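>>> Got a sequence here, can you build the structure:
(chains A and B)
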2 protein chains.
Amino acid sequence: MSRILIDGGTIITMDEDRNGEGGIIEDGQILIEGQKIKKISEDRNEEIVKADRVIKARNHIVMPGFINGHTHAGMTMLRSYADDMPLMKWLEEAIWPAEQKLTPDDIYWGSLLAIIEMIRAGITTFADMYFEMDRVAEAVEKSGIRANLSRGLIGIDSEADKSLAEAEEFIHKWNNKTDRITLALGPHAPYTCPPPFLKDISVLGKKLGVPLHIHLAETRDEVEEIREKYDMMPVEYLDNFGLLSRPIIAAHCVHLTSREIRMLGENKVGVVHNPQSNMKLSSGVSPIIELMEERVPLALGTDGAASNNNLDLFEEMRTAAFLQKIMKKDPTVLPAFDVLNMATRGGAEVLNLPLLGQIKPGFYADIILINRESPHLYPGHNPVADMVYSAYPSDVDTVFVNGQVLMEKKEILTVDENRVLKAVKQRSSLLKEK
Amino acid sequence: MSRILIDGGTIITMDEDRNGEGGIIEDGQILIEGQKIKKISEDRNEEIVKADRVIKARNHIVMPGFINGHTHAGMTMLRSYADDMPLMKWLEEAIWPAEQKLTPDDIYWGSLLAIIEMIRAGITTFADMYFEMDRVAEAVEKSGIRANLSRGLIGIDSEADKSLAEAEEFIHKWNNKTDRITLALGPHAPYTCPPPFLKDISVLGKKLGVPLHIHLAETRDEVEEIREKYDMMPVEYLDNFGLLSRPIIAAHCVHLTSREIRMLGENKVGVVHNPQSNMKLSSGVSPIIELMEERVPLALGTDGAASNNNLDLFEEMRTAAFLQKIMKKDPTVLPAFDVLNMATRGGAEVLNLPLLGQIKPGFYADIILINRESPHLYPGHNPVADMVYSAYPSDVDTVFVNGQVLMEKKEILTVDENRVLKAVKQRSSLLKEK
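Below is the predicted model:
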């Protein structure tokens, strides 16, 4: 097994067992052996002899890769295709008709574009829900990134049974094929999954042993519809099928009653907060402080590029913090460390990937190096605050996933980036004509 | 006079007299002669013969430089020095004691750091209110950026008269020294400027013929204090001194009555919106939609790096749009073009710099080139939406101010960037010890 040494830098380990917020080590070393972190030393020059290769990290932050808890990678094809529109008009007149035109190849190239953008932003794992997932999995496999993939399932049209069969086939095909891909079933949302369909999904999920990835309580309209139809709230609707006791990746969770927040906490349902998408589509503000009080596992997500419009957890972290501060009229709530935690450890918990989100011996070597030699990161009084409130994707220099270097000194090593840009440009211009 | 040609690219002229939002020209040319824009042609290859130098802009957005309507450049020294604290504790226990320690040289180097950060982010003009303004002006002069500078004036301590004398001396010294520097008087805020002091400032401002730059209606506490002391609202307090009919750069304007909004509109008082600072300090949400309805001139600002924590109007644009959408529960309000307008034309109007904010013959050549060859700007369906919702400072490639190239292909030409970084690092570490 090859051994790589990351030498020097300010390591924000995020290791819960170390002292201080973030468990910071100044000028330490990380030895990677194969796919995992073998050893961390608090001094330099200790481990150099053992390494096949040394990557210098002086003047860098070294930290766990970000985990994007909710996105639709293929939607990069529709970035800036339609903005500033009312939600239903945006979906019905712009996004859905455009998605009808997307070919499997479009999804492949659009997903590769998203993956390159995410690697460049220090995202090493993402949870995706879309269609043509075979092609998304191929893009994940090729690029070297880590992902949890789910075929989106809508039970209110004629494709319902077909999509469920596709989802099952997809899971069988990719299960255990690579340790970088985990799988889920993707019931789209309570309002698009009527009881019999959700029951089928629940049974299938149990049989296959996979979690569910779902949009939950995203809009006021959804809450109204579920209440009118079933006389219950969206979280209660899931509970009705026994789903809360199962692993769930619940995106958004904007409109919740206190009872629902308690239910999420008691069942340790993983929630993915997508503040920029929620703001841009004016869906509402997720009650993050209340969810934290009930110890709900919390991740951060970008949502798709059509409603964000970039795949960047740096911005998502500061937006999350700013949004809670302004809504609670209290600048002390959701401080920098808490959102950094959501973007790393929280993501690992929500995605059921216990060996991610921390730099710790035995954990997967999903590690990013962030260059601090830029005016906007100077003078550098506080590395955690600098990462959350000032840093950009462009500061990310080197990215490891599973011990493999996917980007080094800003060069993507696993995919031909220019070819991807060219393919996406060509396909997207056809998209408008088709 | 030297002639530079910007050749090709997608020009977002922001010219009000051209058709379509942003007055976009595909693959056009801009001829710069001396400090100004001489000619714009809608075809390529027309003007090349006339130019001494050609800058290729293929695959770039070419647009007016951003105008940062409110900041405190020297505060970069205090970036990530203290965050997530209650406002008064943050000021009294962290920021003000630290500012006491800042030397004139600290302000010089801190301002240069801010200016480099701003040039890198495509900001070509900024309005600054701080102290040791002589040193800030020197940094502006050296760097080649454009600025409106004001000495902050607080009338409730023993330094009141001294600071007013300093402000006058500063204005005499720098008036007409360079056409890149304009001046203002900087009464800090209604609650720190009691009536006699504000009257003195008003008289002095009239005598010197300069606008006032003031923090106005930023926090609920300020409104309470002014109402209790004077039985009026902050805008009425200014009106009481006849200040509304004079040029004012009014930062924040968060807490306003409908009457005050009308007064601002009738008097065309320029308002600078600083959404990220307002969110981070939980000051409140400025009623931007209502201000637009009353046709109040609107600019965007970053505020200081201690409460933001970066000097970046790309982020400020999207945060402004997102914040109004979520507060108004309507995704159609404050669309992309309106915030782009605030960051360019609006800034020019608020800062009383009528020959800025548009790419138009006779206007100053303050122009930025933004590289579109990045995954997060692909596929590029809509250039305005891409600039507002997806772009980063790192996409800015080349920056002109007053016809001079300040940055070319990401290299700062007027200042030794490494020397600035080094000086700031050294000085900021002393800051903690002093």
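>>> Check which residues of the helix or strand harbouring residue A:165 are buried.
Using DSSP states H and E, residue A:165 sits within helix A:160-174. By neighbour count on 16 or more other C-beta atoms under 10 Å in any protein chain shown, the buried set for helix A:160-174 is A:160, A:163-164, A:166-167, A:170-171, A:174. C-beta: built from backbone N, CA, C; applies to glycine.
>>> With stretch A:295-311 instead?
A:296-311.
>>> Likewise for stretch A:174-190?
Buried-residue list, stretch A:174-190, by 16+ other C-beta under 10 Å: A:174, A:180-190.
>>> end to end, how far does it reach?
26 Å (C-alpha to C-alpha, to the nearest Å).
>>> quick one: that stretch to chain centroid distance?
Computed by C-alpha atoms, centre = their mean, to the nearest Å, the chain-centroid distance of stretch A:174-190 equals 13 Å.
>>> still on that earlier bit, what is the mean pLDDT for the helix holding residue A:165?
Per-region confidence: helix A:160-174 scores 96 on mean pLDDT.
>>> Which secondary structure elements does that helix sit against?
Applying 3 or more C-beta pairs under 8 Å, 6 or more residues apart in numbering or on different chains; DSSP states H and E, we find helix A:160-174 packed against helix A:133-143, strand A:146-153, strand A:181-187, helix A:195-208.
>>> So which residues on the stretch 151-300 of chain A come close to chain B?
Proximity of the stretch 151-300 of chain A to chain B is confined to A:276, A:278-282, A:284-285 under the rule C-beta under 8 Å from any C-beta of the partner chain.
>>> lowest-pLDDT helix or strand in chain A?
helix A:87-89 (a mean of 87; mean pLDDT, DSSP states H and E).
>>> Just the residues contacting that one, thanks.
A:219, A:281-283, B:331 (C-beta atoms under 8 Å, 6 or more residues apart in numbering or on different chains).
>>> need those residues in a markdown table with distance to residue B:71, pLDDT and neighbour count, can you?
Shown next, in a markdown table, are the contacts of helix A:87-89 (distance: C-beta to C-beta, whole Å; pLDDT from 0 to 100; neighbours: other C-beta atoms under 10 Å in any protein chain shown):
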| residue | distance to residue B:71 | pLDDT | neighbour count |
| --- | --- | --- | --- |
| A:219 | 37 | 96 | 21 |
| A:281 | 31 | 96 | 24 |
| A:282 | 29 | 96 | 22 |
| A:283 | 32 | 96 | 26 |
| B:331 | 29 | 97 | 25 |
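>>> quick one: which of the residues you listed sit in strands?
Judged by DSSP state E, the subset of the contacts of helix A:87-89 located in strands is empty.
>>> Nearest residue to the middle of chain A?
The centre of chain A sits closest to residue A:68, judged by C-alpha atoms, centre = their mean, with a distance of 1.4 Å.
>>> and that one, which of the three is it?
Of the three states, residue A:68 takes strand according to DSSP: H, G, I helix; E, B strand; the rest coil.
>>> residues near the nearest residue to it once chain neighbours are set aside, how many?
Excluding the flanking residues, the one nearest residue A:68 by C-beta to C-beta, 6 or more residues apart in numbering or on different chains is residue A:126, at 4.0 Å. For residue A:126, the neighbour count with other C-beta atoms under 10 Å in any protein chain shown is 29.
>>> For residue A:126, list the residues it contacts.
Going by C-beta under 8 Å, 6+ apart, residue A:126 touches A:67-69, A:71, A:73, A:115, A:118, A:145-148.
>>> do that again at 6 Å, thanks
A:68, A:71, A:147 (C-beta atoms under 6 Å, 6 or more residues apart in numbering or on different chains).
>>> repeat for residue A:214
Per C-beta under 6 Å, 6+ apart, neighbours of residue A:214: A:187, A:250.
>>> Whichever helix or strand it is part of: how far from the chain's middle?
Counting by DSSP H and E, the element that carries residue A:214 is strand A:212-216. A distance of 13 Å separates the centroid of the chain from that of strand A:212-216, by C-alpha atoms, centre = their mean.
>>> Same check on stretch A:365-381?
21 Å.
>>> Same check on stretch A:333-353?
11 Å.
>>> got a list of contacts for that stretch?
Outside stretch A:333-353, the residues that reach it (C-beta under 6 Å, 6+ apart) are A:14, A:21, A:64, A:66-67, A:69, A:127, A:148, A:247, A:249, A:270, A:289, A:297-300, A:313, A:317, A:320-321, A:324-325, A:356-357, A:384-385, A:388, B:83-84.
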